[in-house]
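Novice: below: sequence and its predicted model.
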Amino acid sequence: MQFKQVTVKYGNHRTIFEDFSLDLTAGQITCIMGASGIGKTTLLRMAAGLEQPSGGMIHRMETSIGIVFQEPRLLPFQTVLENVQWVFDREGNTETNRYALSLLEKAGLTHVLHDYPHQLSGGMKQRVAIVRAFVSSPQLLIMDEPFQGLDAWTKREMQKLLLLLWNKEKPTVLLATHDQEEAFALGNRVIVLGGTPAAIIDDRSTDREELRG
Ligand SMILES: Nc1ncnc2c1ncn2[C@@H]1O[C@H](COP(=O)(O)OP(=O)(O)OP(=O)(O)O)[C@@H](O)[C@H]1O
């Protein structure tokens, strides 16, 4: 997907992006870093089509999108399993259902399938949100600091799960993180935003194949 000369302004004085262009290679994981408030969430929301730029264009080749927000955003009156099934037609879709169950197992959630969100820890809720984004095998996966707040072990497990799924289906992934180590462990490319309005101040291709999977 492509951002072409994108401008984002809030009010009269606040310019977050101006003439910002970025070309994402399909099938790659691109990690976006940058100080708090620089515009990472805004960029991801535009990539998902949730926000329109004030100027410029966004071209998206991918037709299906999965999103993991900074907070889990689960449906409160649906169980863990229902929250994940909600994104596909569970009736007669046994193949997807089986896939959902296998992802929930990989995410260590098998024992809470029938629990409701208020019964889960913050980390468990976030894992449900991650599985929900993965289950429909989207061509574009947008993840806004998805592993923030998870304990170190769970974080590593979820990162491994992301790489496992990415290796299988090669979606285009756009992932915002504050964690440089995470960015270089996961990304094929790491982009750092800086300045006002935000511009790309560092753009590196990584060659860390040995860390994958
Ligand atoms: N709806 C809005 N109205 C006004 N200003 C906004 C709005 N949404 C975001 N902003 C401003 O745009 C800037 C970029 O916000 P954004 O959430 O994209 O940053 P971020 O890099 O994701 O930050 P963080 O790392 O803290 O999540 C911030 O200065 C924020 O205050």
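Specialist: Alright, I've got the coordinates. Residues are numbered from 1 along each chain as shown.

Novice: host element of the residue most central in space within the chain?
Specialist: The chain has Met143 as the residue nearest its centroid, 1.3 Å off, counting by CA atoms, centre = their mean. Per DSSP states H and E, Met143 falls inside strand 140-144.

Novice: can you spell out which helices and strands pack onto that strand?
Specialist: helix 40-47, strand 65-68, helix 122-135, strand 172-176 (3 or more CB pairs under 8 Å, 6 or more residues apart in numbering; DSSP states H and E). No exception for glycine: its C-beta is placed from N, CA and C like everyone else's.

Novice: mind listing residues that contact the shortest one?
Specialist: It stands for strand 65-68. 48-49, 126, 129-130, 132-134, 136, 138-144, 146, 171 (CB atoms under 8 Å, 6 or more residues apart in numbering).

Novice: in this structure, what residue spans correspond to strands?
Specialist: Ranges of strands in the chain, per DSSP state E, are 2-10, 14-23, 29-34, 55-59, 65-68, 140-144, 172-176, 189-194, 199-205.

Novice: returning to that earlier point: give me the contacts around the strand holding Met143.
Specialist: If you take CB under 8 Å, 6+ apart as the criterion, strand 140-144 is touched by 1, 40-41, 44, 47-48, 60, 62, 64-70, 130, 133-134, 162, 171-176.

Novice: by how many degrees do the top helix by length along the chain and strand 172-176 diverge?
Specialist: Across the chain, the longest stretch assigned as helix under DSSP state H is helix 152-169. If you take axes from the mean of the first three to the mean of the last three CA atoms, to 10 degrees, helix 152-169 sits at 160 degrees to strand 172-176.
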